[in-house]
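A.B. asks: Kindly return the folded structure for what I paste below:
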Amino acid sequence: MRENPSYMAEDLILPVPETLSAVYLVPSALDGIAARKRTDTVLPEQVPDPVGTVARKMLAVGAVDVSALPSSAMPPLPAGLQEHLGVTPELIRTVTAADSFVAFSAAWPPGWPPVHESVARACAAALAADLAAPVVDTFVPKVLDPRQAITTLPGADYQLKLTDWVL
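C.D. replies: Below is the predicted model:
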């Protein structure tokens with residue numbers, strides 16, 4: 001097969017933003033201040049290290065934003081997609097019936113490990129586990145059981161399955 005230089009390039013340059021962000025939601029009527037305090041309290045018992053400690057430190061210094069949002073401020077959850085992703089009807093109903101959410105967001109420069117993802121997810125999952133509520137990954141979007149959200153966080157060696165990270 002011959003190469004055609006008219007459409008081949010030696011270098012491929014892709015734009016990369018200076019920071020990447022992650023946002024996770026938990027159905028709850030807590031305000032941002034109460035949610036931050038409760039998350040700080042439950043993180044050590046819900047999320048193992050090293051992610052638990054990193055999340056708690058970033059939460060303490062304000063690197064994780066915690067705010068309350070009314071459900072009217074967000075687009076509707078694509079329930080059909082959730083069913084195809086294997087989300088239980090109970091979790092879907094809990095999210096679609098919620099009047100308000102606590103949002104956890106974090107931003108971090110691109111690189112490995114994806115700190116912003118792990119920390120925002122850890123905070124949201126810790127609060128969700130304490131409240132027996134689901135977690136919504138807004139990027140996919142996908143509703144997660146809080147235990148699933150915690151067990152798919154990176155371990156002590158910061159190794160994780162590629163499918164967990166991509167999804």
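
A.B. asks: Name the single longest helix found in the chain.
C.D. replies: As assigned by DSSP state H, the longest helix anywhere in the chain is helix 115-131.

A.B. asks: Dump the C-alpha coordinates for that helix into CSV.
C.D. replies: Taking Å, rounded to 0.1, in the frame of the first residue of the first chain, the C-alpha atoms of helix 115-131 are listed here in CSV:
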residue,chain,number,x,y,z
VAL,A,115,-7.0,13.6,40.4
HIS,A,116,-10.1,15.7,39.6
GLU,A,117,-12.2,12.6,38.8
SER,A,118,-11.1,10.6,41.8
VAL,A,119,-11.5,13.3,44.3
ALA,A,120,-14.9,14.6,43.1
ARG,A,121,-16.2,11.0,42.8
ALA,A,122,-14.8,10.1,46.3
CYS,A,123,-16.5,13.1,48.0
ALA,A,124,-19.9,12.5,46.2
ALA,A,125,-19.7,8.7,46.9
ALA,A,126,-18.9,9.2,50.5
LEU,A,127,-21.9,11.4,51.1
ALA,A,128,-24.1,9.2,49.0
ALA,A,129,-23.1,6.1,50.9
ASP,A,130,-23.9,7.9,54.2
LEU,A,131,-27.3,9.0,52.9
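
A.B. asks: for that helix, packing partners?
C.D. replies: Helix 115-131 makes packing contacts with strand 20-27, helix 32-46, helix 51-60, strand 64-70, strand 100-108, strand 135-137, helix 146-151 when contacts are defined by 3 or more CB pairs under 8 Å, 6 or more residues apart in numbering; DSSP states H and E. All C-beta spots, glycine's among them, are computed from the backbone N, C-alpha and C.

A.B. asks: surely L153 meets D49?
C.D. replies: No. L153 lies out of contact with D49 (CB atoms under 8 Å); the separation is 10.5 Å.
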